[in-house]
Structures are given as C-alpha cells and as structure tokens.
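In: here is the input, now give the coordinates:
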Amino acid sequence: MLLRRNPEISRLEAFSDAVFGFALTLLVVSVEVPRDYQALIQRINGFPAFACCFALLVWIWWEHNAFFRRYGLEDGVTVFLNGVLLFVVLFYVYPLKFMFDQFLGMFFRSSGTEYRLMTFSELASASAIYGFGFLLLFVMFALLYLRAYTKRLELKLTPVEIFDTKMFAGHHLVSAGVGAIAVLIALYGPRRYVFVSPMAFGLMGPFHWLFGVAAGRRRQALVARIEGRP
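Out: Predicted structure coming up:
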C-alpha cells in the first residue's frame with residue numbers, strides 16, 4: 001500500500017465531500033413523510049434501489065478519498081480533473097437512480113403502483129447514458145492517477161509506489177473499459193438484445209480479477225528484484 005502523504009483534510013477534499021453529500025441527497029426516496037399506509041409501502045419499495053445507488057456512490061467516494069490520502073495533490077491540473085470528476089458525479093446521479101429504480105421496480109413494488117417497462121429504444125438510450133457516465137467517472141480517476149505518476153519525482157515515490165500508481169490507473173481503466181462495452185452494446189447492438197448492455201457490468205468481476213492477478217505477479221517480481229531475491 002502507498003503511504004498516506006496527506007493526513008489532513010484539505011479544502012479541496014472538504015469541497016469534494018460536500019459535493020458527494022449533495023449527490024447523496026439527490027438519491028433520497030422522498031423528502032416528505034408518508035401520510036398513509038399505501039404511501040409508506042411505496043417509499044419502502046424504493047429503498048432497495050436507493051441502497052444500491054448509495055453503495056455505488058460510497059464506493060466512488062472511497063476511491064476519491066483513497067487518491068487524495070495517497071498523494072495529497074492540489075496543483076492546478078489535479079483541481080481541474082477533480083472538478084470534472086465531481087461534475088460527472090452530479091450528472092451520474094439521476095441515470096444511476098433511474099436505472100436501479102427501473103430494474104428493481106420489477107421486483108419491489110406494491111400492487112397499486114403503476115409501472116411501465118421501457119421500450120427497446122428507450123432502454124438503449126438509458127443504458128448508453130448510464131454507461132457513458134460510468135465510463136467518464138473512471139476515466140477521470142485514471143487521469144488523476146496518471147497525474148500523480150507525472151509528479152512522482154516531487155512526491156518522492158519509491159519504485160514500488162510508482163508501480164502501484166500505474167496499477168491503480170490501470171484498475172480504473174478496466175472499469176472504464178466495461179462502461180465502454182456497455183455503451184457500444186447499447187448504441188450499436190441489435191435492439192432486441194439491448195438488455196445485454198446493463199448486464200455487461202457483470203464483467204467487472206472477472207476483468208478486475210484477471211487484471212489483479214497479472215498486476216500482482218508483476219508487483220511480486222518487482223519487489224523480488226528490489227530485495228535481491230531470485
């Protein structure tokens with residue numbers, strides 16, 4: 001693991017946390033207290049989608065927090081990249097909530113709640129928007145790590161830390177690649193198979209496992225060379 005070079009919370013991080021907090025408030029099922037039992041059940045039916053969206057945003061926040069704990073960069077380029085990332089987070093909230101509401105709404109809804117399935121064309125457009133937001137998010141994370149790599153001499157990174165920095169950038173590019181696959185399927189795949197687009201995010205597991213195995217072996221070999229082990 002990389003050393004924590006910035007144990008204090010900077011103004012940039014505080015601002016970023018405020019943006020993440022605002023994004024989370026946009027996910028709230030309802031700002032009004034239910035006035036009857038039917039309204040209560042409708043709110044409860046929306047909580048599984050809210051929980052999934054909340055978990056994804058917390059994951060994105062954690063990735064953001066980890067970057068600034070590792071490097072503590074606040075130069076102009078980093079501020080710009082961070083600003084774009086936060087903008088994308090705010091853009092991403094509504095497609096994220098919409099997709100989970102649609103998917104989980106098929107399973108968690110009361111009998112009195114109206115629900116309309118999207119057409120193939122609508123699903124293709126919604127999946128492309130969702131996938132594009134996901135793609136942009138992780139491209140920005142990769143660019144932040146590439147920025148840290150360009151500042152490796154100023155940060156006095158060790159050879160292993162330099163490798164880890166490139167590995168983290170690659171890790172996020174894998175996620176971005178999965179988003180790109182989802183977008184391509186949504187835009188150019190046969191309309192009757194457009195449901196495969198959101199399912200493509202299931203590739204995150206095997207793709208990251210393969211990347212992690214390959215990166216782990218290379219890291220072990222680097223450490224062995226540094227320590228003079230055969």
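
In: how many residues are close by Asp101?
Out: 20 (other C-beta atoms under 10 Å). Bear in mind the C-beta positions are built from the backbone N, C-alpha and C, glycine included.

In: quick one: pLDDT of it?
Out: For Asp101, the model assigns a pLDDT of 80.

In: so it: helix, strand or coil?
Out: helix (DSSP: H, G, I helix; E, B strand; the rest coil).

In: relative to Tyr130, how far out is it?
Out: Distance of Asp101 to Tyr130, computed by C-beta to C-beta, to the nearest Å: 12 Å.

In: what are the ranges of the helices in this structure?
Out: For the chain, applying DSSP state H gives helices covering 11-25, 37-45, 47-71, 76-105, 120-150, 152-155, 159-188, 196-199, 204-227.

In: the ones you listed: lowest mean pLDDT?
Out: helix 37-45 has the lowest average pLDDT among the helices of the chain, namely a mean of 70.

In: what sits against the most centrally placed residue in the chain?
Out: Nearest residue to the geometric centre of the chain (C-alpha atoms, centre = their mean): Ile60, 4.6 Å. Ile60 makes contacts with 20, 89, 137, as judged by C-beta atoms under 8 Å, 6 or more residues apart in numbering.

In: any idea how far Tyr92 is from it?
Out: Counting by C-beta to C-beta, the gap from Ile60 to Tyr92 is 8 Å.

In: overlap in contacts of those two?
Out: Leu137.

In: do you know how far the residue nearest to the centre of the chain is from Phe141?
Out: Distance from Ile60 to Phe141, by C-beta to C-beta: 9 Å.

In: likewise Ala180?
Out: 14 Å.

In: so for these two, which residue has more residues nearby?
Out: Between Ala180 and Phe141, counting by other C-beta under 10 Å, Phe141 is the more crowded of the two (24 against 18).

In: now do the same contact list for Val28.
Out: By C-beta under 8 Å, 6+ apart, the neighbours of Val28 are Phe50.

In: count of neighbours near Gly179?
Out: 22.

In: with the one 5 residues further on instead?
Out: Counted by other C-beta under 10 Å, the residues lying close to Leu184 total 14.

In: equivalent analysis for Gly76, please.
Out: With other C-beta under 10 Å as criterion, Gly76 counts 7.

In: equivalent analysis for Val174, please.
Out: When neighbours are counted by other C-beta under 10 Å, Val174 comes out with 18.

In: with His172 instead?
Out: Neighbours of His172 (other C-beta under 10 Å): 21.

In: what of Leu153?
Out: With other C-beta under 10 Å as criterion, Leu153 counts 8.

In: any idea how far Phe47 is from it?
Out: 49 Å.

In: do the same with Leu86
Out: From Leu86 to Phe47 the distance is 26 Å (C-beta to C-beta).

In: neighbour count winner among these two?
Out: Leu86 (19 against 13).

In: so who does the spatially closest residue to Ala49 that is not a sequence neighbour touch?
Out: What sits nearest to Ala49 in space, not counting adjacent residues and going by C-beta to C-beta, 6 or more residues apart in numbering, is Phe100, at 3.9 Å. Residues in contact with Phe100 (C-beta under 8 Å, 6+ apart) are 48-49, 52-53.
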